[in-house]
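*Asks:* Next one to model:
(chains A, B and C)
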Amino acid sequence: MHTVRSLAEYVGGTVIGDGADVLITGINDLRAAQPDQVSFLSNTKYEPLARASKAGAILVDPKDSPRFSFTRIEVTSPSAAFGKISALFAPPPVHDEPGIHPSAVVAPDAVIGEGASIGPHVVISSGVRIGARAVIGANCFIGERTTLGDDVRLYPLVAIRERSILGARIIIHSGVVVGADGFGYNFDSKKECHVKIPHTGYVQIDDDVEIGANTTIDRGRFGRTHIGEGSKIDNLVQVAHNVTIGPHCIVVAQTGISGSTSLGHHVTLAGQVGIVGHLTIGDRAIITAQSGVARNVPAGAVLSGRHALPAREYLKVEALTRRLPELIERVKALEDKIKSLE
Amino acid sequence: MHTVRSLAEYVGGTVIGDGADVLITGINDLRAAQPDQVSFLSNTKYEPLARASKAGAILVDPKDSPRFSFTRIEVTSPSAAFGKISALFAPPPVHDEPGIHPSAVVAPDAVIGEGASIGPHVVISSGVRIGARAVIGANCFIGERTTLGDDVRLYPLVAIRERSILGARIIIHSGVVVGADGFGYNFDSKKECHVKIPHTGYVQIDDDVEIGANTTIDRGRFGRTHIGEGSKIDNLVQVAHNVTIGPHCIVVAQTGISGSTSLGHHVTLAGQVGIVGHLTIGDRAIITAQSGVARNVPAGAVLSGRHALPAREYLKVEALTRRLPELIERVKALEDKIKSLE
Amino acid sequence: MHTVRSLAEYVGGTVIGDGADVLITGINDLRAAQPDQVSFLSNTKYEPLARASKAGAILVDPKDSPRFSFTRIEVTSPSAAFGKISALFAPPPVHDEPGIHPSAVVAPDAVIGEGASIGPHVVISSGVRIGARAVIGANCFIGERTTLGDDVRLYPLVAIRERSILGARIIIHSGVVVGADGFGYNFDSKKECHVKIPHTGYVQIDDDVEIGANTTIDRGRFGRTHIGEGSKIDNLVQVAHNVTIGPHCIVVAQTGISGSTSLGHHVTLAGQVGIVGHLTIGDRAIITAQSGVARNVPAGAVLSGRHALPAREYLKVEALTRRLPELIERVKALEDKIKSLE
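*Replies:* Below is the predicted model:
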């Protein structure tokens, strides 16, 4: 049983307004929240939604709070505090029973850590090592000699090919393919056909990485494709052979990184970005959505557009292209005047 | 045994030309069709193909028909009529035997509707409810407490996570992932790392939706990600957490819709479109292929390009950019003339 | 036991430099290579990396060799030669035991070729024919009456729908979906809803094709979607219904090809390209990354950009758009001068 007041105490916040004793039974977003739900405001652009919300209370930043009259909980990080509260109301977690489901096919020499849960119809190949408390969802495939650290979670229908090396606490969503062959061929110019280059390398994924649904991470041609500690990759991303993604990067959905490109730490690639191969993207660089990158990017750069210009220049150029019809008229007018002056 | 005449009767059309008694054994497109096959013309840009076609007869719109001399079947909707005829020649359907395959793993408390077909190696978790005559293809995974309506069809290798709510007559193609966690993190600026935001919401998909192969639909952070009745989503599409797609929308392949964006009804997103988060896309709006949308879109708008300009303005601007080299020459010439005049 | 000299002999190359007797235990890229590893230089833009490399020897083209002082193996195709050497050091291959795993579900009337390996939890439907020595990875699904040629390899978790026709030596990576229904609807303007068009065609894939992870290849509406001999398709590519890809094409990751478009032979589509439907792309055409193609492309063309201009024109126009701010200043200056002249 929670009230606005008890939730405020739980997150170390302060209730402002007269609804402190209202019973709260759940959470919701500003638009959908009802009087028995709490919501939160993390971006001032949603202030109109907050003012119109029916929520019993709204988590707000203390610096925004004076502008409001609704019942609110002042707390320094509304989004994080809301996360804590949402855990209170979270539905019961899914049951992942420790042990190996009888329908799983596990090689006799595989090593399964204590408390690990191996789901139905999972296939675990020879030489695999799986850490303690790992959860391997239904119908996953783990190739020969792959290692998964402690507390790894694979959701159902993940394929991890042979000799991959995964650290601890990694989360991999359904449909992900780790370790497929890279896309590399030599062209036989006599026969005019493409001859496959063997990809005998591997994939290494460090601790605390999360990988979104249906993303693909190819193995190295030789050596490794490497995802650094704490990096987060969204759905439907393509990571080609021998790519290095440094620690704590963010790669948003449908982005593609071509072979042998290397990202520093804390790089952000927004959605649908494309990066050509053999480049270096510096630490903390940000590439905005739908950009194309064909040159090395210095640390800290913020680039945009098909040709990855500095974001400000890009926006200016883009705005000016809209003025092209007018500009052409102006040049035409000048030409006419010159003619009359001549 | 079908003739051109019997097929015309079947679709309520009229034979024009002398081939009415020709035996027809199949269907094909204009290019590939043989004298014992029928084809159809639905777009006047393919008239040259129709004139060159070997088809025994071609379904055409009555208003186009007078221009042709080949044997044809006049019918008001050639494409729909062709669909009806193609069903006559369709290969026998796949066998989906009702009942639960002995290799499937079905929780004891799951409720399976009458006449449903649960394929080999399917995993159905605790608390799941599956409607009558549903077909769950091989190796699918259904998470805890998910509900599927009557006559739903999941093709093989689909993953549907816990607490999803699916209506009736939904078709989901292979490789689709419904209900993976959304991509959301808070940044811990002291440790400089990304902290996962729990996604405790769910996915709701209404009646008659179809979802293409390897598309991903993330669960809500809280509340729901919602696909409205009759909407059709193509392959490899990304639908992020808390997105709302209204009824009867069309979302073409490789499009991405970011978190909390809301589409009205009858919206069309062509292929490879990207839409940023927290936007509203109005009813019947059309976004053309490869566009990027970063602002709300009014109902009925037709937008194009990286910055989603009105389609006509976009085409004009694009055409003018091609004239930039010439424009720069003209400005240079003006500068020279001015200099000589000064 | 290999030395630089023995490896040079093995690939028909010549050692230059004094390290011919150094023992070599592995391979690596220029950056990571150690003194007991060989590397290779295939692109002169990496010469600085080669000069700085610790590799025991580097495979180089004879025409580049005179510029170097490090120990090297001169050989006409360094990349191909490196491929041969890498096979010497390749990890032992994965074990694919011939025979049908007891957990596989194989229809009684399916025909499995000699020496084929059918993995755990595979589902093979009625009427399927699988060639000799084919390898069907764990949890794959093969639909009714599909045929796979000799030496085909399906990695785990591939879905191939009914009546597909696959040739010999095809490689299909995990997560691929072959033969899902195409995306086609007729709009019922009275009910304002989309009515599914049955897709009763099939997919044909010819010999020596390779298809990357999580790529989707839809079946024909009627007739076939066709991938020609020796074509190579990367990850997360969308191939729509009734597309034809000619022989020996290269289609890079995240590209989408819309319905009924036809590619000639030796076409290259770089990453994230989009091609609209019903087009013809000529032999040996090259479309650069992130381009959009909305018109037929003649044989041999090299096109770039959203509107697929000739690559040179595109680069010029793109460069000039960056000069728009300057151009507008120049026009403004001209206008001022004209005003003062008038």
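*Asks:* quick one: the helices in the stretch 51-200 of chain A?
*Replies:* A:78-88 (DSSP state H, counting those that start in this stretch).
*Asks:* Which residues of it lie near chain B?
*Replies:* Residues of the stretch 51-200 of chain A lying near chain B by CB under 8 Å from any CB of the partner chain: A:77, A:79-80, A:83, A:86-87, A:89-91, A:94-95, A:101, A:103, A:119-121, A:137-139, A:155-157, A:171, A:173-175. No exception for glycine: its C-beta is placed from N, CA and C like everyone else's.
*Asks:* Could you list the low-confidence segments of the stretch 201-342 of chain A?
*Replies:* Counting by pLDDT under 70, the stretch 201-342 of chain A contains no low-confidence segment.
*Asks:* Quick check: residues of it near chain B?
*Replies:* So the stretch 201-342 of chain A meets chain B at A:208, A:210, A:212-214, A:230, A:232, A:234-236, A:248, A:250, A:252-254, A:266, A:271-272, A:289-290, A:305-306, A:318, A:321-322, A:324-325, A:327-328, A:331, A:334-335, A:338, A:341-342 (CB under 8 Å from any CB).
*Asks:* Which ones among the residues you listed lie within strands?
*Replies:* A:210, A:232, A:250 (DSSP state E).
*Asks:* hang on, isn't A:N28 packed against A:K54?
*Replies:* No: checked against CB atoms under 8 Å, the pair A:N28 and A:K54 is beyond contact range at 9.4 Å.
*Asks:* Near chain C, which residues of the stretch 151-300 of chain A are found?
*Replies:* A:157, A:159, A:161-163, A:175, A:177, A:180-181, A:183, A:185-186, A:192-198, A:200, A:214, A:216, A:218, A:221-223, A:236, A:238, A:240, A:242, A:254, A:256, A:258, A:260, A:272, A:274, A:276, A:278, A:292.
*Asks:* Would you list the buried entries among the residues you listed?
*Replies:* A:157, A:159, A:161-163, A:175, A:177, A:180-181, A:183, A:186, A:193-194, A:196-197, A:200, A:214, A:216, A:218, A:221-223, A:236, A:238, A:240, A:242, A:254, A:256, A:258, A:260, A:272, A:274, A:276, A:292 (16 or more other CB atoms under 10 Å in any protein chain shown).
*Asks:* Give me the subset of those that lies in strands.
*Replies:* In this view, these that belong to strands under DSSP E are A:159, A:177, A:180, A:186, A:193-194, A:196, A:216, A:218, A:238, A:256, A:274, A:292.
*Asks:* what sits against the residue nearest to A:L279 when sequence neighbours are not counted?
*Replies:* Closest residue to A:L279 apart from its sequence neighbours, by CB to CB, 6 or more residues apart in numbering or on different chains: A:T261 at 4.6 Å. By CB atoms under 8 Å, 6 or more residues apart in numbering or on different chains, A:T261 lies in contact with A:240, A:243-244, A:275-281.
*Asks:* got a winner among those for most neighbours?
*Replies:* Within the contacts of A:T261, most neighbours by other CB atoms under 10 Å in any protein chain shown means A:I281, with 30 neighbours.
*Asks:* Verify the stated contact: it with A:N296.
*Replies:* Yes: with contact defined as CB under 8 Å, A:I281 and A:N296 form a contacting pair (7.4 Å).
*Asks:* what separates stretch A:153-172 from the chain centre, distance-wise?
*Replies:* The gap between the average C-alpha position of stretch A:153-172 and the chain average comes to 16 Å, counting by CA atoms, centre = their mean, to the nearest Å.
*Asks:* for stretch A:180-200, same thing?
*Replies:* 31 Å.
*Asks:* CA atoms only: put that stretch into CSV for me.
*Replies:* Coordinates of each C-alpha in stretch A:180-200 appear next as CSV, following Å, rounded to 0.1, in the frame of the first residue of the first chain:
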residue,chain,number,x,y,z
ALA,A,180,28.3,-15.1,-38.0
ASP,A,181,30.9,-14.9,-40.7
GLY,A,182,31.9,-11.4,-41.8
PHE,A,183,31.1,-10.3,-45.3
GLY,A,184,34.4,-10.7,-47.2
TYR,A,185,35.3,-12.0,-50.6
ASN,A,186,38.1,-11.9,-53.0
PHE,A,187,37.0,-11.3,-56.6
ASP,A,188,38.3,-13.9,-59.0
SER,A,189,38.6,-11.8,-62.1
LYS,A,190,39.1,-14.7,-64.5
LYS,A,191,36.0,-16.5,-63.4
GLU,A,192,34.3,-13.3,-62.5
CYS,A,193,33.1,-14.6,-59.2
HIS,A,194,33.5,-13.8,-55.5
VAL,A,195,35.6,-16.3,-53.5
LYS,A,196,34.7,-16.5,-49.8
ILE,A,197,37.4,-15.3,-47.3
PRO,A,198,37.4,-17.6,-44.3
HIS,A,199,36.4,-15.8,-41.1
THR,A,200,38.3,-17.7,-38.4
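*Asks:* Narrow the residues of the stretch 51-200 of chain A next to chain B to those that are buried.
*Replies:* A:77, A:79-80, A:83, A:86, A:89, A:101, A:103, A:119-121, A:137-139, A:155-157, A:171, A:173-175.
*Asks:* quick one on the thing from earlier: more neighbours: which of A:N28 and A:K54?
*Replies:* Neighbours per residue, other CB under 10 Å: of A:N28 and A:K54, the larger number sits with A:N28, 22 against 15.
*Asks:* now that one: how far from B:S6?
*Replies:* Going from A:N28 to B:S6 by CB to CB, to the nearest Å gives 59 Å.
*Asks:* swap in A:Q34?
*Replies:* Shown here: A:Q34 relative to B:S6, a distance of 61 Å by CB to CB.
*Asks:* A:N139 too?
*Replies:* A:N139 is 47 Å from B:S6, by CB to CB.
*Asks:* same deal with A:A168?
*Replies:* 69 Å.
*Asks:* So for those two, which sits in the more crowded spot?
*Replies:* More crowded of A:A168 and B:S6, by other CB under 10 Å: A:A168, with 18 against 15.
*Asks:* For the more buried one, give me its contacts.
*Replies:* A:131, A:149-152, A:207-208.
*Asks:* And A:F222, by the same measure?
*Replies:* Here A:F222 is in contact with A:199-201, C:27-29, C:86 (CB under 8 Å, 6+ apart).
*Asks:* For chain B, state which of the contacts of A:A168 is nearest.
*Replies:* A:D208 (7.5 Å; CB to the nearest CB).
*Asks:* Give the full set of residues in contact with that closest one.
*Replies:* A:167-170, A:229-230, B:193.
*Asks:* coming back round to it: can you say which two of the contacts of A:F222 are spatially most distant?
*Replies:* A:H199 and C:N28 (14.1 Å; CB to CB).
*Asks:* Just give me the longest helix of chain A.
*Replies:* helix A:324-341 (DSSP state H).
*Asks:* What is that helix packed up against?
*Replies:* If contacts are counted by 3 or more CB pairs under 8 Å, 6 or more residues apart in numbering or on different chains; DSSP states H and E, helix A:324-341 sits against helix B:311-321, helix B:324-341, helix C:324-341.
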